[in-house]
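Peer 1: sequence first, then the predicted structure:
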Amino acid sequence: MVRTLYEQHGSALLGYATRVTGDRTAAEDVLQETLLRAWRNADSLSEATGSIRGWLFTVARNIMTDSARARASRPHEVPEAPLAAPAERDHADSVVDSMVALDALNRLPEDQRRVLVEIYYGGRTVNETAERLGIPPGTVKSRTHGAMRNLRRLLVGQPAVLEEVAG
């Protein structure tokens, strides 16, 4: 039965699926799935109940529609890039980076620098920093935000308009 369906309708189905998908391999998959479904529903297929060719084309269209919907609902797949060996960093690069960061930190307003030193170098929480410096936690947060913005500007070479944060 499947051989007969393939001989009678295979090339037309394959042509249709190729035009719709734009991909011969995908079209062959659609044809295969369509014939598999015909084989599974062999008892209900007969010209007396309706056009077999029409049924086959409807099944093929539904398969392509389902496939397109499934692709649209998934994130776009990106081919995995081969892993490159990590670039060897010279110790001198690390020293220079540390010096640049320290210079930028020293150029911050004192209140911002103290907050960053407590949080990032001292490993303290916002509440611990607030208690240690005798300021409210909200002030610690706003000074941290302002300090990070100023550091970013200093490190990327933007004009060093150092913003004092109220508080």
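Peer 2: The structure has been received and is ready for your questions.

Peer 1: pLDDT below threshold where in the chain?
Peer 2: Under the criterion pLDDT under 70, the flagged ranges of the chain are 49, 77-78, 81-87, 89, 158-167.

Peer 1: give me the domain ranges for it.
Peer 2: 2-72, 92-155 (automatic domain parsing).

Peer 1: so which elements touch whichever strand or helix holds residue 154?
Peer 2: If you go by DSSP states H and E, residue 154 is part of helix 137-155. With contacts taken as 3 or more Cβ pairs under 8 Å, 6 or more residues apart in numbering; DSSP states H and E, helix 137-155 sits against helix 91-106, helix 110-116, helix 126-133. Any C-beta I mention is one placed from the backbone N, CA and C, and that applies to glycine too.

Peer 1: could you give me the buried positions within it?
Peer 2: For helix 137-155, a neighbour-count test (16 or more other Cβ atoms under 10 Å) marks 139-144, 146-147, 150-151, 153-154 as buried.

Peer 1: residue closest to the middle of this structure?
Peer 2: Closest to where the C-alpha atoms of the chain average out (Cα atoms, centre = their mean) is residue 75, at 7.1 Å.

Peer 1: how close does that one get to residue 21?
Peer 2: 21 Å (Cβ to Cβ, to the nearest Å).

Peer 1: now do the SS call for the residue in the chain sticking out farthest from the centre.
Peer 2: Distance from the centre of the chain peaks at residue 48, with 51.4 Å (Cα atoms, centre = their mean). Using DSSP: H, G, I helix; E, B strand; the rest coil, the structure places residue 48 in coil.

Peer 1: can you start the count at 410 instead of 1 from here on
Peer 2: With the count now opening at 410, the last piece we talked about shows up as residue 457.

Peer 1: quick one, what contacts the residue nearest to residue 526 when sequence neighbours are not counted?
Peer 2: In this structure, residue 526 finds its nearest non-sequential neighbour in residue 514, 7.8 Å apart by Cβ to Cβ, 6 or more residues apart in numbering. Counting by Cβ atoms under 8 Å, 6 or more residues apart in numbering, residue 514 makes contact with 522, 525-526, 560.

Peer 1: now, which of these sits nearest residue 435?
Peer 2: residue 560 (51.5 Å; Cβ to Cβ).
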